[in-house]
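1. Structure for the following, please:
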Amino acid sequence: MIPDVLEESCATRQALERLAAKWRILLIYALLAGPQRHAELRRRLPGVTQKVLTETLRNMESDGLVERRVLKDTAPQHVEYALTTLGKTLQEPLSAICAWALEHPGATRDR
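-> Next comes the predicted model:
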């Protein structure tokens, strides 16, 4: 059965809305390579501001997708981010989207 994603209370719709936020999917892709520090993520995601990256990582942490690890507690603090077990479960669905995009290159072009 396909869920009625047009209904506001639909869990699938809520998940899609959360994941569709501009930088979330790209951050998941970046973190699939392993834990990374804030500065490294900024370098890998050209165009994201420090403020937006921080907000997005915090929101993803509260959603249970990302884990924040403090590596050095004294100033300057060193922190890295990693996907949680839940976050890693997105690898397969995202791989399917990548495969679809490669199979249908015309569908992803600006028109």
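
2. Can you name the residues in contact with the lowest-mean-pLDDT helix or strand in the chain?
-> One helix or strand of the chain scores below all others by mean pLDDT, DSSP states H and E: helix 11-19, with a mean of 83. If you take Cβ atoms under 8 Å, 6 or more residues apart in numbering as the criterion, helix 11-19 is touched by 3, 5-7, 24-25, 63, 90. The C-beta positions use only the backbone N, C-alpha and C, and glycine is treated the same way.

3. Pull out the buried positions in it.
-> residue 19 (16 or more other Cβ atoms under 10 Å).

4. Next, the angle from the helix or strand just after it to helix 11-19.
-> Sequence order places helix 24-31 as the next helix or strand after helix 11-19, per DSSP states H and E. Calculated by axes from the mean of the first three to the mean of the last three Cα atoms, to 10 degrees, helix 24-31 forms an angle of 70 degrees with helix 11-19.

5. Residue 70 pairs with what?
-> residue 79 (DSSP bridges).

6. And it, how far from residue 34?
-> The gap separating residue 70 from residue 34 is 17 Å, by Cβ to Cβ, to the nearest Å.

7. And residue 91, by the same measure?
-> For residue 91, the distance to residue 34 - Cβ to Cβ - is 12 Å.

8. ok, the two, which is more surrounded?
-> residue 91 (13 against 9; other Cβ atoms under 10 Å).

9. Based on its surroundings, how many neighbours for residue 63?
-> 15.

10. Over to it: give its phi and psi.
-> phi -80, psi -10 (degrees, to the nearest 10).

11. i'd like the first residue to be 361 from this point on
-> Fine by me, first position is 361 from now on; the one you just mentioned is residue 423.

12. Residues touching the helix or strand where residue 428 lies, excluding its own?
-> Here residue 428, judged by DSSP H and E, is contained in strand 426-432. Applying Cβ under 8 Å, 6+ apart, the contact partners of strand 426-432 are 387, 391, 395, 417, 420-421, 437-444, 447.
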